[in-house]
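J.: structure, please.
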Amino acid sequence: MQRKAYVTGIAALLAALLAGCTSGSSGGDDTSDKNADTSASSVAAQPGKYRTLPEACGAVSHDTLDSLLPGIAQITDEQQREKAYAGDAALTYDTDRKVGCRWKVESTDATDRLSVDFERVVSYDNAVSDDSEAQTIYTQLESAADIPESAPPSPAETESPSPSSSASSSASDSASVTSSSSSSSSASSSGSPSGSPGGSVDPSSSASATPAGLQPRALSDLGDEAYLDDQLSGSGSTAEQRTVTVVFRTSNVVVTIVYEEQPMATGTVPDSKEMQDRAQNLAGQLAEALNG
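T.: Residues are numbered from 1 along each chain as shown. This next block holds a predicted model:
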């Protein structure tokens, strides 16, 4: 009888120990579940749309290069012409992140330069998406270029005045012409014609200014966001060089186009609208190719 009571006591003790272990194990599972829930709640930001970049020197068609760089058509040697079309790849150490190409062609009238750069932006912060990081880089470029927040009216917006304003505009123009004629006559009588070498008016000063509607501005119909910059440098005894820059972002890729023209003849000013149209046409082609 004593032996049976002893065995029964041991069995009860084992049962109590097993119950304690089961309870402890259950508590450990609860902690693990809580950790799993916490990690699942911190979802990483979405990656960008683009994982690779195009080959920059092959991204611009020959027809487009003919338009941007008229001197190519004047190259008679076939091998030299093909070399001009090929361009020079920009030095880069990671073609999945940044690529570019440069072209320079001289013609009888001017020297034209073109550069195209692609940058694929990758965020290393799990809380910041690739697109958001690319947007930050684009905004920095736009701020550095000092692009105004609101663009001036484009030529299309000022080409069609209403009938009611047409008469007053004509009257104003007539008054302006009369005033201008009077001023010219006055200047001539004083012995200082504006076209003479001793005159105070720079022959290229009026042409140097960027026309209304073509000043640096944001572009609304290119990529996710875009801007255009137009700058003129050089004056006096040197030919004036115009530089048109178009920068646009599509998802996590930022594209920069720089188009420059410097005339051979002093006093000649590159046409702003023509250069802007060419640069924007190229930008549209590159944006379409990226989205394709």
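
J.: now do the same contact list for residue 112.
T.: Shown here is residue 112, whose contacts under the criterion CB atoms under 8 Å, 6 or more residues apart in numbering are 68, 69, 70, 71, 103, 104, 105, 106, 259, 260, 261. Where C-beta positions appear, they are placed from N, C-alpha and C, glycine not excepted.

J.: now it: phi and psi?
T.: In this entry, residue 112 is assigned phi and psi values of phi -110, psi 140 (degrees, to the nearest 10).

J.: partners of it in the sheet?
T.: Residue 112 has these beta-bridge partners by DSSP bridges: residue 105, residue 261.

J.: how far away is it from residue 264?
T.: With the distance defined as CB to CB, to the nearest Å, residue 112 ends up 11 Å from residue 264.

J.: before we move on, the earlier item: list buried residues within the contacts of residue 112.
T.: Buried members of the contacts of residue 112, scored by 16 or more other CB atoms under 10 Å, are 68, 69, 70, 71, 103, 105, 106, 259, 260, 261.

J.: for the last one, what are its contacts?
T.: This means residue 261. Residue 261 sits in contact with 110, 111, 112, 113, 241, 242, 270, 275, where contact means CB under 8 Å, 6+ apart.

J.: and the helices in the stretch 151-292 of the chain?
T.: Using DSSP state H, counting those that start in this stretch, the helices of the stretch 151-292 of the chain run over residues 155-158, 163-189, 205-208, 272-291.

J.: give me the beta-bridge partners of the residue lying closest to residue 216 once chain neighbours are set aside?
T.: Excluding its sequence neighbours, the residue lying closest to residue 216 (CB to CB, 6 or more residues apart in numbering) is residue 229, at 4.5 Å. Beta-bridge partners for residue 229, by DSSP bridges, are residue 245.

J.: doesn't residue 54 make contact with residue 289?
T.: Yes. With contact defined as CB atoms under 8 Å, residue 289 reaches residue 54; the gap is 6.7 Å.

J.: these two - which one has more neighbours?
T.: Between residue 289 and residue 54, counted using other CB atoms under 10 Å, residue 54 has the larger neighbour count: 16 against 12.

J.: circling back to that earlier point, between the contacts of residue 112, which sits nearest residue 46?
T.: Proximity of the contacts of residue 112 to residue 46, judged by CB to CB, is greatest for residue 259, which lies at 33.8 Å.

J.: next one: the closest one from residue 76, what distance?
T.: 25 Å.

J.: report the two of the buried ones among the contacts of residue 112 separated the most.
T.: The distance between the two most remote of the buried ones among the contacts of residue 112 (CB to CB) is 15.3 Å, for 106 and 259.
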